[in-house]
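Visitor: here is the input, now give the coordinates:
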Amino acid sequence: MTSLNLAAAVIWIGLFVLISGPVHECAHAFTAWKLGDGTAKLFGRITLDPIKHFDPIGGTLLIASVLLGLVSNSSIGGFGWAKPTPVNPYNLRGRYADTIVAAAGPLSNLALAAAFAIGFRILWATGAYPYNDSVADMVELVFFIGIQLNVLLMLFNFIPIPPLDGSHVLFDVLDPRTAHDLRNFMNQYGLMLLIVVVLFAGRIISPLTNPIVSFLAGVPVG
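Guide: Numbers count the residues shown, from 1 in each chain. Below you'll find the predicted structure:
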């Protein structure tokens, strides 16, 4: 374990719990409200307050998995989730309202990644490097991890396996019969598929994550 790895792990957890998770869930809640479903609003979920979006199980699992990876000297990353946003699809207005609500979360992470990328590029131009040698380098490290984390969250949540957001998008665009049959299949095997994806997430998502991070940050990422 190095001081850099420790700093990266703390930043990863902090960004997820304080920014990326709340923004993702708030985007779901706000979009659902605008499209006719006020369920999340009634639960006070149209907010960026991290406490409102913290899931005790998902948050604890994230912290534990990141720290476990840190101790085992593997790459920084973890698995967890924020508190799911309650949405009643029967209240939504519009043919593809469920798709819009579902996509709002991952797309908010893409917007966050772009925002972090702006800060990263500005500091990179001044000679800062994502490390922990100075205040500027540490801020640059926060920006870089912010890009990585949010790109990863966007891609992972768009995977079309329940309960991930991508499944809502997929079911919404399929014809009713196909969607019904696929839902039945996912009810039986979805959890196993999701476990496989989580176990091999690095191999499945990294080939997509690195090019996007490289494009946003303007530097090669391998």
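Visitor: can you tell me the element residue 22 falls in?
Guide: Under the criterion of DSSP states H and E, residue 22 resides in helix 21-34.
Visitor: which outside residues touch the helix or strand just after that helix?
Guide: Downstream of helix 21-34, the first helix or strand assigned by DSSP H and E is helix 39-42. With Cβ atoms under 8 Å, 6 or more residues apart in numbering as the test, helix 39-42 has contacts from 28-29, 32-33, 46, 85-88, 91. C-betas here are computed from N, CA, C, even on glycine.
Visitor: helices of this structure, start to end?
Guide: 3-15, 21-34, 39-42, 50-53, 56-71, 97-125, 135-157, 165-173, 176-199, 201-217 (DSSP state H).
Visitor: which of those is buried the deepest?
Guide: With neighbours defined as mean count of other Cβ atoms under 10 Å, the helices of the chain peak in mean count at helix 21-34, which reaches a mean of 23.
Visitor: by contact count, what packs against that helix?
Guide: helix 39-42, helix 50-53, helix 97-125 (3 or more Cβ pairs under 8 Å, 6 or more residues apart in numbering; DSSP states H and E).
Visitor: sorry, back to before: wait, which of the contacts of helix 39-42 is closest to residue 58?
Guide: residue 85 (12.8 Å; Cβ to Cβ).
Visitor: pLDDT of stretch 57-69, averaged?
Guide: Average pLDDT, stretch 57-69: 90.
Visitor: how about stretch 33-41?
Guide: Stretch 33-41 shows a mean pLDDT of 97.
Visitor: end-to-end on that stretch?
Guide: Distance between the two ends of stretch 33-41: 7 Å, counting by Cα to Cα, to the nearest Å.
Visitor: so how far is that stretch from its chain's centroid?
Guide: 21 Å (Cα atoms, centre = their mean, to the nearest Å).
Visitor: okay, now the unreliable bits of the protein?
Guide: For the chain, the stretches with pLDDT under 70 are 73-76, 201-202, 222.
Visitor: closest to the centroid, which residue in it?
Guide: What sits nearest the mean C-alpha location of the chain, by Cα atoms, centre = their mean, is residue 153, with 2.4 Å.
Visitor: list the contacts of that residue.
Guide: 16, 20, 24, 106, 109.
Visitor: and the gap between the residue lying closest to the third one once chain neighbours are set aside and residue 3?
Guide: Meaning residue 24. Excluding the flanking residues, the one nearest residue 24 by Cβ to Cβ, 6 or more residues apart in numbering is residue 105, at 4.4 Å. From residue 105 over to residue 3 the distance is 33 Å, taken as Cβ to Cβ, to the nearest Å.
Visitor: repeat that for residue 119.
Guide: Counting by Cβ to Cβ, the gap from residue 119 to residue 3 is 22 Å.
Visitor: residue 38 now?
Guide: Counting by Cβ to Cβ - residue 38 and residue 3 are separated by 47 Å.
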